[in-house]
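S.K.: My questions concern the predicted model and sequence given below.
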Amino acid sequence: MMNCHVLCLVFLFLAVHEISAFASSNKAVSIENQLLQKGYEYIIGTDEVGRGAIAGPVLSTSCCIFINNFEGPVELIHGVDDSKNLSEEARMVIFQKIMENPSVYKFRCAQRSPEQIGETNILKATMECFQESIQEIVINEEIPMDLAYAVCDGKSTPKLAGGPTPIPCRPMVNADGKVYTVSLASIIAKVTRDRIMTEAHELWPQYNFHLNKGYRTRDHVERIHKYGACPLHRMSFKALKHR
């Protein structure tokens, strides 16, 4: 029978092999590699979209790669980057690859409406989205909390301690361009919110939501002046007060 020392060496070899396969494919997974070496198997990347918009929801996505579910070597999706650096076509190609592998790429989205944003503020609403999406992916995917670690884009992290998923969580500025899993989350969030705003265009075509996605463009502001605001506009924002 194999003794404990040998077993430990075998498990260590397998772990290092798995980490190397994950990390060697792309330099953007260096953070994931570091966390894997510390024993965290489930690295959750979280990002938001719509925080700076003047209409529509703020939405966050938490994404986790289940590396043990790959059939064969770990293969990363080519071209993954901060969603802002990608064309709509490139985002859709990556999004489709994510959707084609649901056993590997797990994610959850959370959003807050303009009304909910107005009841608090945009920072708190964003942190609530971060918290909800992280909690949902951990709970629904039954991720062992002692093996989970979250990385959030930005300077702030949601409150997880004392809640149902008290896992470690760190903020990182520009994580959506530095951390592979956060980049995936940013792409999922962007595609999802863009679809919401495109559907909103069908209800309120006068604002061109399918083009501006609720952000403050010159054309968007001129249309608000002409037609007034609609229920999707964030009336608590300074740019829209007294409209």
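M.R.: Alright, I've got the coordinates.

S.K.: C-alpha from now on. contacts and neighbour counts both.
M.R.: Noted.

S.K.: and K106, helix, strand or coil?
M.R.: strand (DSSP: H, G, I helix; E, B strand; the rest coil).

S.K.: so who does it touch?
M.R.: Residues in contact with K106 (C-alpha atoms under 8 Å, 6 or more residues apart in numbering) are 63-66, 137, 141.

S.K.: Separate out the buried members of these.
M.R.: Using 16 or more other C-alpha atoms under 10 Å as the burial test, the contacts of K106 include 63-66, 137 as buried.

S.K.: Out of those residues, flag the one nearest to Y149.
M.R.: Of all the buried ones among the contacts of K106, C64 has the smallest distance to Y149: 9.8 Å, by C-alpha to C-alpha.

S.K.: would the closest one count as being in a strand?
M.R.: Yes: counting by three-state DSSP, C64 is found in a strand.

S.K.: residues contacting it?
M.R.: Contacts of C64 (C-alpha under 8 Å, 6+ apart): 42-45, 105-107, 181.

S.K.: Enumerate the beta-bridge partners assigned to it.
M.R.: I44, K106 (DSSP bridges).

S.K.: What's the separation between it and L184?
M.R.: Applying C-alpha to C-alpha, to the nearest Å, the value for C64 to L184 is 9 Å.

S.K.: okay, and the common contacts of the two?
M.R.: The contact lists of C64 and L184 share G45, where a contact means C-alpha under 8 Å, 6+ apart.

S.K.: Show me the helices in the chain, by range?
M.R.: With DSSP state H as the criterion, the chain has helices at 4-23, 30-37, 88-99, 114-119, 122-140, 175-178, 180-203, 209-212, 218-227.

S.K.: Please work out the average pLDDT along the fourth one.
M.R.: If I follow you right, that is helix 114-119. For helix 114-119, mean pLDDT rounds to 96.

S.K.: just checking, L35 touches I43?
M.R.: Yes: here L35 reaches I43: they are 7.5 Å apart, a contact under C-alpha atoms under 8 Å.

S.K.: So for the two, which sits in the more crowded spot?
M.R.: I43 (25 against 19; other C-alpha atoms under 10 Å).

S.K.: give me every residue that touches the more buried one.
M.R.: Each residue near I43 by C-alpha under 8 Å, 6+ apart is listed here: 32, 35, 64-65, 148-151, 181.

S.K.: and if you look at N68?
M.R.: N68 neighbours (C-alpha under 8 Å, 6+ apart): V104.

S.K.: any idea how far it lies from I143?
M.R.: For N68, the distance to I143 - C-alpha to C-alpha - is 13 Å.

S.K.: pLDDT value on the nearest residue in space to I77 that is not next to it in sequence, please?
M.R.: The spatially closest residue to I77, leaving aside those adjacent along the chain, is I94, at 7.0 Å (C-alpha to C-alpha, 6 or more residues apart in numbering). I94 carries a pLDDT value of 98.

S.K.: same question, E199
M.R.: pLDDT for E199: 98.

S.K.: list the contacts for it?
M.R.: Residues near E199 by C-alpha under 8 Å, 6+ apart: H210.

S.K.: Quick check: the gap between it and L211.
M.R.: 11 Å.
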